[in-house]
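Novice: Quick one: sequence plus predicted model below, questions after.
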Amino acid sequence: MEHKNGFQLNEEEVDEFLKKIKSSDIYKSKFVEFKITLIYMIVGILWIIYSDRLLVMMISNKDIINKIQTTKGIIYVLFTALLIYILMVKSFERIRYLSKESIGRYEELEAAYEELNAMQYELQDQYDEIQRSNEALKKSKERYKYRANHDYITGLYSIIKFKEIINKHIRDIKYNEKFVLVYMDIDNFKKINDIMGHELGDLFLRNIANELRKIAPKNAHICRMGGDEFIMLIPNVNDFNDIDLIMRNFLEKFKKNWSIQDRNFYVTLSIGISMYPEHGKDYESLLKNADIAMYEVKNTTKNSFYIYNEKLNLNMLNLLEIEELLREGIENEEFYLNYQPKINLRNAKISGFEVLVRWVNNVRGFVSPAEFIPVAEKTGLIIQISDFIFEQAFETLHKWNSLYSFEQSLSINLSIVQFQDGKLLEKIDYFIEKYELNPNFIEFEITETLVMENFEYINDILGEFRKRGIKISLDDFGKGYSSLNYLKELEIDIVKIDKAFIDGLLTNNKEKYIVKAVIDMAHSMGLSVVAEGIESLEQLEFLQLNACNKAQGYLFSKPLPENEARRLLEEGKVFRY
Ligand code: C2E
Ligand code: CA
Ligand code: CA
């Protein structure tokens, strides 16, 4: 074992040390002592006997013999003493050497012992450290488990945990017991997030989660799906009337003004509901169907709830199919444009055309824009389709301008997605330059809902258009918010009364008042008024009587292909009735 100070203690060395001791003369001293003593005794006795005999043989004088014997004795003693001295010196040297060596070894052993001691402390420290990290590990495991089971922003259940809860609920469910899955999506949360920034957006989500927790039925479990989507399991709901009651109550309680950093927000939820076992016997199908039902609410009323049914699923499949076909349609250039004239009611002449996109697909045949435009908007495909519309429409405008000194407007419908794209102004400038267009003859139609998505941002862009001389028309007016407050601030030139009001002119007196009031109000604000969807003379007469500026509808003309629309221009068509 090697230690920090380089001291090494191995078995071989210990053995060698013991061997040395064993092989040393000292170790074998019993025999040496005996041998030396024996030799000494024999030599001594022989010396005494033979030296005495020799003396007697050589010398006769007794006195001399006595003297020599004394000297001999002294010499013997001296010799013996010398021998003893040498032996002792040698023995002590060895003892000293061995004890020195032992001391060295002892010191080494002591050092090793200290080293071991130190090692033991170190091991203890390491053990404590391991113990501590074990505890930390345990804690982080718990934390990890909490995190896996809970959403980090709102503290609600995570999808993983929620799925577990539902699966367990389904496993343990009693015969005939039912439950519902509630899929909730905050309406226009993106807008709120954009205005407030993500940090405040997160805080807002947390507040909403707390509110949901508060107003949910006591036995419900809630989870955040991610983004602004939440799901809730409500156990023991056994019929549709119960769902209705619970959800009405839920939405009612959710109604409140949210105030964050001195800004007030009114938040609504779109909710889809699926029921076990009618709409699915496992988590996945229940979730999918609740999502489909939610989607339906999102696309229609918002701020409401819808219970899943088979028909919705068909709608959904239809949407997916349209999306697929749209992609192919863009690639195969299956789109073209129609132009529907707008009539100036003062002289019955054409004062412009509205551009309406058409799609004839080889599988589905003619698909109405009312059906595919919403899908194209949702999937972002509207950008590519609109690029095509711009190209075609502006080319036509350029052509008509040079052929007939066409001094009327061509109006193009715009989608919210085109504003969000961020490249709209740039594109329009590009086309104005490319086709040398007079912007005064370009008109854009936008809807109220589009503007309300992000009022300031969109109004700024509209302002930019108007600076260039482009006209802005507020389409489908009356259908949405119709708030007069923002109408004053909105950068528009024209109000286009929604077809529903024009339809109502035939049967409903109330509609007549509304249309008259809209025309008067628009005029008082310096705006021009267009009525759309005119199919009868009766409607036309009412509008003429009330000084509506322009009209558009099947009474005059359906949307036409470019060559037919051009023919009307060539004729200098005047509509007389
Ligand atoms: P919108 O902008 O309100 O267009 C008017 C719709 O009413 C058109 O339907 C037009 O064909 C139809 N219409 C016009 N006069 C009459 C009439 O007298 N009676 C009846 N029953 N209908 C009439 P269309 O072309 O099917 O377009 C439907 C919607 O699709 C449009 O409503 C617009 O929102 C959207 N859309 C159409 N073309 C485009 C486009 O090029 N771009 C964008 N973004 N949206 C478009
Ligand atoms: Ca329109
Ligand atoms: Ca319209």
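Specialist: Structure's in. What do you need? Numbers count the residues shown, from 1 in each chain. Ligands and ions are numbered 1, 2, ... in the order given.
Novice: So what's the gap between stretch 390-402 and the chain middle?
Specialist: The gap between the average C-alpha position of stretch 390-402 and the chain average comes to 45 Å, counting by C-alpha atoms, centre = their mean, to the nearest Å.
Novice: Pull out the buried residues from it.
Specialist: Neighbour counts over stretch 390-402 (16 or more other C-beta atoms under 10 Å) mark 390, 392, 393, 394, 396, 397, 398, 400, 401 as buried. To be clear about C-beta, it is placed using only N, CA and C from the backbone, and glycine gets the same treatment.
Novice: mind listing which of those residues are in helices?
Specialist: In helices, judged by DSSP state H, the following of the buried residues of stretch 390-402 are found: 390, 392, 393, 394, 396, 397, 398, 400, 401.
Novice: Please dump the buried residues of stretch 390-402 into CSV; it should also carry pLDDT and distance to ligand 2 for every row.
Specialist: Output for these, formatted as CSV (pLDDT from 0 to 100; distance: C-beta to the ion, whole Å):
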residue, pLDDT, distance to ligand 2
390, 98, 15
392, 97, 16
393, 98, 13
394, 98, 17
396, 97, 17
397, 96, 17
398, 95, 22
400, 94, 19
401, 90, 22
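Novice: Between those residues, which sits nearest residue 422?
Specialist: The nearest member of those to residue 422, counting by C-beta to C-beta, is residue 390 at 15.7 Å.
Novice: on that earlier part again, is it possible to get CSV of the buried residues of stretch 390-402 that adds distance to residue 92?
Specialist: Output for the buried residues of stretch 390-402, formatted as CSV (distance: C-beta to C-beta, whole Å):
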residue, distance to residue 92
390, 118
392, 123
393, 124
394, 122
396, 128
397, 128
398, 127
400, 133
401, 132
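Novice: and which of the residues you listed is nearest ligand 3?
Specialist: residue 393 (16.9 Å; C-beta to the ion).
Novice: Excluding chain neighbours, give the residue nearest to the closest one in space.
Specialist: Nearest residue to residue 393, sequence neighbours excluded (C-beta to C-beta, 6 or more residues apart in numbering): residue 355, at 4.7 Å.
Novice: got a list of what the one you found touches?
Specialist: With contacts defined as C-beta atoms under 8 Å, 6 or more residues apart in numbering, the neighbours of residue 355 are 337, 338, 339, 389, 393, 410, 411, 412, 413.
Novice: again, but for residue 55
Specialist: Contacts for residue 55 (C-beta under 8 Å, 6+ apart) come out as 65, 68, 69.
Novice: What of residue 384?
Specialist: Residue 384 neighbours (C-beta under 8 Å, 6+ apart): residue 330.
Novice: With residue 395 as the reference, measure out to it.
Specialist: Using C-beta to C-beta, to the nearest Å, we find residue 384 at a distance of 17 Å from residue 395.
Novice: How about residue 120?
Specialist: As for residue 120, its distance to residue 395 is 91 Å (criterion: C-beta to C-beta).
Novice: Please name the bridge partners of the residue of the stretch 1-150 of the chain at minimum distance from ligand 3.
Specialist: Here the stretch 1-150 of the chain gets closest to ligand 3 at one residue, residue 150, 47.4 Å apart by C-beta to the ion. With DSSP bridges as the criterion, the beta-bridge partners of residue 150 are residue 157.
Novice: Hmm, it is touching residue 157, no?
Specialist: Yes: the criterion here is C-beta atoms under 8 Å, and residue 150 meets it with residue 157 at 6.3 Å.
Novice: Just confirm the residue nearest to residue 393 is within a strand.
Specialist: Yes: counting by DSSP: H, G, I helix; E, B strand; the rest coil, residue 355 is found in a strand.
Novice: rewinding a little: which members of the contacts of residue 355 are positioned in strands?
Specialist: Helix and strand membership here follows DSSP state E; of the contacts of residue 355, those in strands are 337, 338, 339, 410, 411, 412, 413.
Novice: In space, what's closest to the last one - neighbours in sequence excluded?
Specialist: So the one you mean is residue 413. When the adjacent residues along the chain are set aside, residue 413 lies closest to residue 445, with 4.7 Å between them (C-beta to C-beta, 6+ apart).
Novice: now do the fifth one
Specialist: Leaving aside its sequence neighbours, residue 411 sits nearest to residue 443 (C-beta to C-beta, 6+ apart; 3.6 Å).
Novice: same check, this time on the first one
Specialist: Using C-beta to C-beta, 6+ apart and skipping residues adjacent in sequence, the residue nearest residue 337 is residue 392, 5.1 Å away.
Novice: picking up where we left off before, dump the ones in strands among the contacts of residue 355 to JSON lines, plus neighbour count and pLDDT.
Specialist: As requested, these are arranged in JSON lines below (neighbours: other C-beta atoms under 10 Å; pLDDT from 0 to 100):
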{"residue": "337", "neighbour count": "21", "pLDDT": "98"}
{"residue": "338", "neighbour count": "18", "pLDDT": "98"}
{"residue": "339", "neighbour count": "24", "pLDDT": "98"}
{"residue": "410", "neighbour count": "21", "pLDDT": "97"}
{"residue": "411", "neighbour count": "28", "pLDDT": "98"}
{"residue": "412", "neighbour count": "23", "pLDDT": "98"}
{"residue": "413", "neighbour count": "20", "pLDDT": "98"}
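Novice: Filtering those by proximity to ligand 2, which remain?
Specialist: Restricting those to those near ligand 2 by C-beta under 5 Å from the ion leaves residue 413.
Novice: I'd like the ones in strands among the contacts of residue 355 written out as JSON lines, with distance to residue 227 added.
Specialist: Converted to JSON lines, the ones in strands among the contacts of residue 355 look like this (distance: C-beta to C-beta, whole Å):
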{"residue": "337", "distance to residue 227": "37"}
{"residue": "338", "distance to residue 227": "38"}
{"residue": "339", "distance to residue 227": "41"}
{"residue": "410", "distance to residue 227": "39"}
{"residue": "411", "distance to residue 227": "36"}
{"residue": "412", "distance to residue 227": "33"}
{"residue": "413", "distance to residue 227": "29"}
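Novice: Output the contacting helices and strands for the helix or strand harbouring residue 418.
Specialist: In this structure, residue 418 sits in helix 416-420 according to DSSP states H and E. If you count contacts as 3 or more C-beta pairs under 8 Å, 6 or more residues apart in numbering; DSSP states H and E, helix 416-420 packs onto helix 382-404, helix 448-453, helix 455-467.
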